[in-house]
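Novice: Quick one: sequence and predicted model below, then my questions.
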Amino acid sequence: MLASLRASVLSLARDKALLVWALAFPIIMTLIFMGMFSGIQDAYTTVGSTLGVVRDKNYSAAMGLDETIQAISDPASSDRICDVAYYESAADAEAAANAAVVDAYLTVDAGGAPQLHVTNASLSENGTLPTSVLAEVLDTYQHTRAAVEKVAATRPELLATGEAIGAFTESAVQTVRLTATKNPPSPDARYYYALLAMAAGMGATAAMESVRRLLPTAGPLGARQSLAAVPRWRMLVGALLGAWLCEFACLLVAVLFMRGVAGVSFGSDTHGVVVALAASSLMACAAGALCGTAPRMETGMISGITCLLSLFTGLYGTSSQQLADAIEATAPALAHANPLWQTTNCFYALLYYDTPDAFLESVAALLIMALAFLALASFRMRRTSYDHL
């Protein structure tokens, strides 16, 4: 077994296919993803805007509106959501909005109700988030003002000391960040995790080549090995362990590159990441060993199967992710039978879940798949003989 392991490691260390698929491929794709997703984080952050305010007599008469605008535009405040530019008339503010000087402008009608005006160009460039935030602030202002006016009409004595006004205005608008996952959501993490799963699947070719060297059809060396007194399963396990060590080392380097250079988050459980890499690479090598016992199996077939399975991990974009999510929702057993999905889910569980249950389930599924592939490969190896082939 040790001799088979040593021979497998030495041969794979000189094999360009392993270095290309298990090491160079994820690193190159990581660099490509870095360029593609360089601005994706900005889309998940609050987009600031410039608000034009028509400061006329209606605006001045609106109780508390100017204080509200100053509060949300104060550079020193944590509640700042926009910059403010003041105009004398609605025509001037509209001209500024059409010229893209401001993203929206605010007017006040004769009844004291604020009106927010937004151009289509601003919506196309900045999206609806800035407008939604401003609209929410104005709605809160109107509700607060209506409540104050109602109290003034029914219980004016409550306003004498100013405590009621303070109760209405203090923390009237609050922004609370809620965290539903252990770590903040990362929109591009799914692509990197699916990439690691694909790299692990591609690494199965290393195990296939190692096992194929043990077959009698591999040449004189394979023929002598098939007639040796060493049990076939020992040679198989040695070749499998050699391929697993090489692939695990390549994937570990790829993960370190993703975390150190691309800034990909894998959570705080470093040991869990190592376990996930070990389980996924072992599963891939066991599958490669099974494929290696099939004389007609080619490396291109493994690449094709891996690319097909990667479709259901969300690697190929939004449509691929929607398809993967739909299958998981409607046919979870089918999704869980995909070994690359289990690999991706291992990293997802480490990043987002508070409990290790989902992670342990995916690791257990990968180990069960590895044992099943290894048992089938051992059975097929025992049935091969030089005379028969």
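Specialist: Cool, got the structure. Numbers count the residues shown, from 1 in each chain.
Novice: Now do Pro339 against Ala365, distance only.
Specialist: Look at Pro339 and Ala365: by Cβ to Cβ, to the nearest Å, they are 8 Å apart. Backbone N, C-alpha and C define where each C-beta goes, glycine included.
Novice: any weak-confidence spans in the stretch 251-389 of the chain?
Specialist: Scanning the stretch 251-389 of the chain for pLDDT under 70 picks out the ranges 383-389.
Novice: how about the strands in it?
Specialist: Read by DSSP state E, counting those that start in this stretch, the stretch 251-389 of the chain holds no strands at all.
Novice: before we move on, what about the stretch 51-200 of the chain?
Specialist: All strands of the stretch 51-200 of the chain, identified by DSSP E, counting those that start in this stretch, fall at 82-87, 104-108, 114-118.
Novice: Arrange these in a markdown table, one row each, with mean neighbour count as further columns.
Specialist: As requested, those are exported to a markdown table (neighbours: other Cβ atoms under 10 Å):
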| stretch | mean neighbour count |
| --- | --- |
| strand 82-87 | 17 |
| strand 104-108 | 22 |
| strand 114-118 | 17 |
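Novice: Quick one: the helices in the stretch 101-250 of the chain, in order.
Specialist: Remark: helices assigned in the stretch 101-250 of the chain by DSSP state H, counting those that start in this stretch are 120-126, 129-154, 163-169, 189-202, 204-212, 220-226, 232-257.
Novice: list the helices and strands the last one packs on?
Specialist: Of the remaining helices and strands, those touching helix 232-257 by 3 or more Cβ pairs under 8 Å, 6 or more residues apart in numbering; DSSP states H and E are helix 2-13, helix 16-18, helix 25-36, helix 189-202, helix 204-212, helix 270-292, helix 357-383.
Novice: Out of these, which one sits most buried?
Specialist: Burial of the helices and strands packed on helix 232-257 is given as mean neighbour count (mean count of other Cβ atoms under 10 Å); helix 204-212 ranks first at a mean of 28.
Novice: For that one, C-alpha coordinates in CSV please.
Specialist: Taking Å, rounded to 0.1, in the frame of the first residue of the first chain, the C-alpha atoms of helix 204-212 are listed here in CSV:
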residue,chain,number,x,y,z
ALA,A,204,-11.0,13.2,-10.0
THR,A,205,-9.0,12.8,-13.2
ALA,A,206,-5.9,12.4,-11.0
ALA,A,207,-7.3,9.4,-9.1
MET,A,208,-8.5,7.9,-12.4
GLU,A,209,-5.0,8.0,-13.9
SER,A,210,-3.5,6.6,-10.7
VAL,A,211,-5.9,3.7,-10.6
ARG,A,212,-5.6,3.1,-14.4
